[in-house]
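In: next comes the sequence, and after it the predicted model I'd like to discuss.
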Amino acid sequence: MYKTNLKNIDLTKYYYDADTANKVVRYIETNIKHVAGPLAGQYLLLEKWQKDEIIKPIFGWKHKAGVNKGKRKFTSAYIEIPKKNGKTFLAAAFAAVFLDIEGEQGEVPIFSIAGNNDQARLTFNATKGIIAQSVRLSKKAEILANSIIVKSQRANKYFRALASKSETQQGVNPQLVIADEVHIHKDPDLIENQRKSMIAREQPLFLMITTAGADLYGVGYQEHTHAKEVVQGLRKDDGLLVCIYGAELHDDPFKLKTWKKANPNFGVSVTQAGLEREIQKAKHSKASLNSFLRYHLNIWTQSREAWIDDNVWNESQWPINEKILLGQKCFGGLDLSRRSDITAFTLIWQIDGKFISKNWFWLPEDKGSHSIENSNLQYLEWVNDGHIFETQGNVVDYEFIRAKLADVAKLYDIQGVAYDNWNSHHIAPALLEDGHHLIEFRQGFKSMNAPTKELEAAIMSKKFNHLGNPVLRWMAGNAEIQTDPAGNVKIIKDIKTPAKKVDGIISNVMAYALWLDEPEDMGSYMDAGELFII
């Protein structure tokens with residue numbers, strides 16, 4: 001669990017307004033009723049964690065002095081809780097508070113945003129249900145198909161659900177934005193547009209409320225990581241309140257104490273019997289286990305189809321002095337892909353029975369950090385950190401790659417480079433002319449099977465050091481396994497999400513294959529015979 005330590009708040013800058021905090025709690029418990037389930041029609045009685053860790057801190061902590069004197073300290077909140085812990089209804093309660101008793105004057109927009117329209121409307125529809133059962137709110141609010149409007153002499157408030165950037169309007173400055181299920185947002189544009197549009201407000205609230213997701217490089221995980229690092233003191237964000245409930249990776253998912261730890265509403269809206277039903281499925285299916293980890297224990301996972309579990313991948317690395325690679329023989333793998341896509345080059349060394357992998361990646365700038373399609377990935381950061389080299393234009397510049405490989409060959413003792421003859425007729429002759437030992441490697445089941453299985457075994461046994469390369473980690477998480485009728489396997493990418501690349505994993509498999517069956521000449525890899533693994 002990661003939560004803002006309220007005891008560490010600087011009391012020279014902030015004070016706690018208990019009267020306002022208690023007033024909000026009292027308002028919710030005397031005006032808001034459950035709209036579904038066995039408690040429908042009964043007043044919502046907030047749990048202690050909801051009051052003490054979310055509602056009271058947000059409304060109670062305020063600035064002592066300066067231009068923000070008396071204004072709320074927390075202008076954003078990141079709330080992450082497993083399913084069935086009252087997430088959506090809690091968000092709807094915030095919407096009701098802002099529609100009714102929050103003191104902002106003038107035109108006051110309130111939005112619920114999500115990665116798709118159905119999700120965006122969940123909080124909106126729950127708020128409609130709250131209003132319908134509230135004597136106070138039903139007199140004030142006008143409910144339309146796509147808006148909830150509350151007018152008074154001091155303010156004109158309206159609540160809408162948005163699911164795309166195109167639905168936003170220029171000049172609109174929302175007072176409250178509820179970002180629901182942040183993990184399903186496909187790109188950061190909608191979130192960032194709303195966040196920036198709140199700047200003109202003196203004390204807005206950007207409320208992110210979500211469960212864990214299955215994309216460790218998407219928008220949701222970036223927000224999750226930022227929130228964790230704020231709690232850990234690695235980043236400074238005084239305006240962010242964090243409340244993350246969940247288990248840790250080392251916790252036993254089959255234990256009752258783990259369930260209680262992850263679910264703050266255990267015994268209330270989350271039942272032991274319900275979790276026991278779900279865990280029975282998880283015992284027999286990796287996909288069901290991953291779903292249980294995400295939805296009920298709030299643990300972020302990779303895709304259920306992942307070739308290598310992200311935690312196993314991360315454990316297969318150790319610090320080295322890269323000077324030890326100089327003078328040691330190595331083999332390479334070159335995955336050229338299409339000219340408009342990522343090109344990957346790998347060198348692998350075997351030292352003291354373990355393997356060390358260094359990787360280089362190239363991408364046209366129009367397809368990388370300059371591309372709107374890739375705005376949800378960390379391309380710009382990877383480019384800035386030197387993990388990806390961008391070449392100008394919309395296709396990879398093979399001359400740029402050729403020059404880089406020449407520099408690398410001067411530095412390291414490269415015995416040979418495996419490459420796929422497909423799509424290589426532009427660069428292969430030039431590389432041969434430069435003196436590189438190219439070894440043809442076909443990317444079919446027959447060629448890929450043994451090195452793929454052996455590479456996986458090396459990673460599982462922590463004998464393959466990828467040096468923590470973040471691009472390669474991302475690609476490992478994108479990789480899936482396809483099996484032919486004979487039981488041979490090869491790495492493939494998810495064709496439904498072409499933005500998720502695996503080129504670096506392919507180049508590693510090819511380079512690793514040369515270590516398994518060292519070639520005696522520059523002929524075809526397949527001409528050298530099958531790999532025999534016993």
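Out: Nice, I can see it. Residues are numbered from 1 along each chain as shown.
In: as a check, name the ranges of all helices in the stretch 1-150 of the chain.
Out: Along the stretch 1-150 of the chain, counting by DSSP state H, counting those that start in this stretch, helices occupy 18-31, 48-50, 56-60, 87-100, 117-133, 135-140.
In: out of these, which gets nearest to E480?
Out: helix 117-133 (26.2 Å; CB to CB). Just so you know, the C-beta spots here come from the backbone N, C-alpha and C atoms, and that holds for glycine as well.
In: can I get the helices of the stretch 1-150 of the chain in TSV with mean pLDDT?
Out: Shown next, in TSV, are the helices of the stretch 1-150 of the chain (pLDDT from 0 to 100):
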stretch	mean pLDDT
helix 18-31	96
helix 48-50	97
helix 56-60	98
helix 87-100	95
helix 117-133	93
helix 135-140	92
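In: and the lowest-mean-pLDDT helix or strand in the chain, what's buried?
Out: Lowest by mean pLDDT, DSSP states H and E among the helices and strands of the chain is strand 480-483, with a mean of 79. Neighbour counts over strand 480-483 (16 or more other CB atoms under 10 Å) mark E480 as buried.
In: which element, helix or strand, includes L190?
Out: According to DSSP states H and E, L190 maps onto helix 189-197.
In: who does that helix touch, helix- and strand-wise?
Out: The contact analysis (3 or more CB pairs under 8 Å, 6 or more residues apart in numbering; DSSP states H and E) places helix 189-197 against strand 106-113, strand 176-180.
In: outline the domain layout of this protein.
Out: 2-244, 312-528 (automatic domain parsing).
In: H250 is nearest to which of those?
Out: Comparing the domains of the chain against H250 with CB to CB, the closest turns out to be domain 312-528 (12.1 Å).
In: distance from the chain centre to the closest one, please.
Out: Domain 312-528 has its C-alpha centroid displaced from the chain centroid by 24 Å (CA atoms, centre = their mean, to the nearest Å).
In: got any ranges where the stretch 401-534 of the chain has weak pLDDT?
Out: Filtered on pLDDT under 70, the stretch 401-534 of the chain yields the residue ranges 423, 485-486, 494-497, 518-534.
In: burial measure for the residue lying closest to S164 once chain neighbours are set aside, as a count.
Out: Distance criterion CB to CB, 6 or more residues apart in numbering; nearest residue to S164, sequence neighbours excluded, is L190 at 6.5 Å. Neighbour count for L190, taken as other CB atoms under 10 Å: 25.
In: what's the answer for F89, then?
Out: When neighbours are defined as other CB under 10 Å, F89 has 21 of them.
In: find the nearest non-adjacent residue to K501, please.
Out: I342 (5.1 Å).
In: and the helices in the stretch 401-534 of the chain?
Out: Ranges of helices within the stretch 401-534 of the chain are 428-433, 445-460, 470-478, 503-516, based on DSSP H, counting those that start in this stretch.
In: mean neighbour count, those helices: which tops it?
Out: helix 503-516 (a mean of 26; mean count of other CB atoms under 10 Å).
In: how close does S316 get to K463?
Out: 7 Å (CB to CB, to the nearest Å).
In: just A476 next, same as before
Out: Distance, A476 to K463, using CB to CB: 16 Å.
In: how many residues are close by K493?
Out: For K493, using other CB under 10 Å, the count is 18.
In: who are the contact partners of it?
Out: N478, A479, E480, K500, K501, V502 (CB atoms under 8 Å, 6 or more residues apart in numbering).
In: from those residues, which single one is nearest D335?
Out: V502 (8.9 Å).
In: count of neighbours near the closest one?
Out: 24.
In: return the residues in contact with it.
Out: Going by CB under 8 Å, 6+ apart, V502 touches M475, N478, A479, I491, I492, K493.
In: can we see that at 6 Å?
Out: Neighbouring residues of V502 by CB atoms under 6 Å, 6 or more residues apart in numbering: M475, N478, A479, I491, K493.
In: can you check L240 too?
Out: Counted by CB under 6 Å, 6+ apart, L240 has contacts S76, V230.
In: adding mean pLDDT, mean neighbour count and distance to L46, write the helices and strands packed on helix 189-197 out as TSV.
Out: Formatted as TSV, those follow (pLDDT from 0 to 100; neighbours: other CB atoms under 10 Å; distance: least, CB to CB, whole Å):
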stretch	mean pLDDT	mean neighbour count	distance to L46
strand 106-113	92	21	20
strand 176-180	95	26	18
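In: now those strands as a markdown table including distance to T30?
Out: Output for the helices and strands packed on helix 189-197, formatted as a markdown table (distance: least, CB to CB, whole Å):
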| stretch | distance to T30 |
| --- | --- |
| strand 106-113 | 21 |
| strand 176-180 | 21 |
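In: which of these sits closest to R154?
Out: That would be strand 106-113 among the helices and strands packed on helix 189-197, by CB to CB, at 8.1 Å.
In: show me what that closest one is packed against.
Out: Where contact means 3 or more CB pairs under 6 Å, 6 or more residues apart in numbering; DSSP states H and E, strand 106-113 is packed against helix 117-133, strand 155-162, strand 176-180.
In: okay, angle between the first one and helix 189-197 too, please.
Out: Between the axis of helix 117-133 and that of helix 189-197 there is an angle of 50 degrees, by axes from the mean of the first three to the mean of the last three CA atoms, to 10 degrees.
In: returning to that earlier point: what two of the contacts of K493 are the furthest from one another?
Out: Greatest spacing in those, by CB to CB: E480 and K501 (12.4 Å).
In: export stretch 387-395 as PDB, just CAs?
Out: Coordinates of each C-alpha in stretch 387-395 appear next as PDB, following Å, rounded to 0.1, in the frame of the first residue of the first chain:
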ATOM      1  CA  HIS A 387      18.200   3.800 -25.800                       C
ATOM      2  CA  ILE A 388      16.700   4.600 -29.300                       C
ATOM      3  CA  PHE A 389      18.400   6.400 -32.100                       C
ATOM      4  CA  GLU A 390      16.100   8.400 -34.300                       C
ATOM      5  CA  THR A 391      16.800   8.900 -38.000                       C
ATOM      6  CA  GLN A 392      15.300  11.800 -39.900                       C
ATOM      7  CA  GLY A 393      12.200  11.300 -42.000                       C
ATOM      8  CA  ASN A 394       9.600   8.600 -42.200                       C
ATOM      9  CA  VAL A 395      11.900   5.600 -43.000                       C
END
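In: taking the centroid of this protein, which residue is nearest it?
Out: Y221 (2.8 Å; CA atoms, centre = their mean).
In: how much space between the residue nearest to A409 when sequence neighbours are not counted and I101?
Out: Nearest non-adjacent residue to A409, counting by CB to CB, 6+ apart: H436, 6.6 Å away. From H436 across to I101, the span is 72 Å (CB to CB).
In: tell me which of those two has more neighbours.
Out: For H436 versus I101, neighbours defined as other CB under 10 Å are more numerous around H436 (22 against 12).
In: quick check on the more buried one: phi, psi?
Out: With angles defined as degrees, to the nearest 10, H436 sits at phi -70, psi 140.
In: now it: how far from L325?
Out: For H436, the distance to L325 - CB to CB - is 18 Å.
In: now V395
Out: V395 is 31 Å from L325, by CB to CB.
In: these two: which is more packed in?
Out: L325 (17 against 14).
In: which residues touch the more buried one?
Out: When contacts are counted by CB under 6 Å, 6+ apart, L325 touches W349.
In: thought K64 was touching Y15?
Out: Yes - the pair K64 / Y15 is scored as a contact, 5.4 Å apart, by CB atoms under 6 Å.
In: on that earlier part again, please report phi then psi for the residue nearest to K501.
Out: Dihedral angles for I342 - degrees, to the nearest 10 - are phi -70, psi 140.
In: ok, it - contacts?
Out: Each residue near I342 by CB under 6 Å, 6+ apart is listed here: F361, L363, K501, D503.
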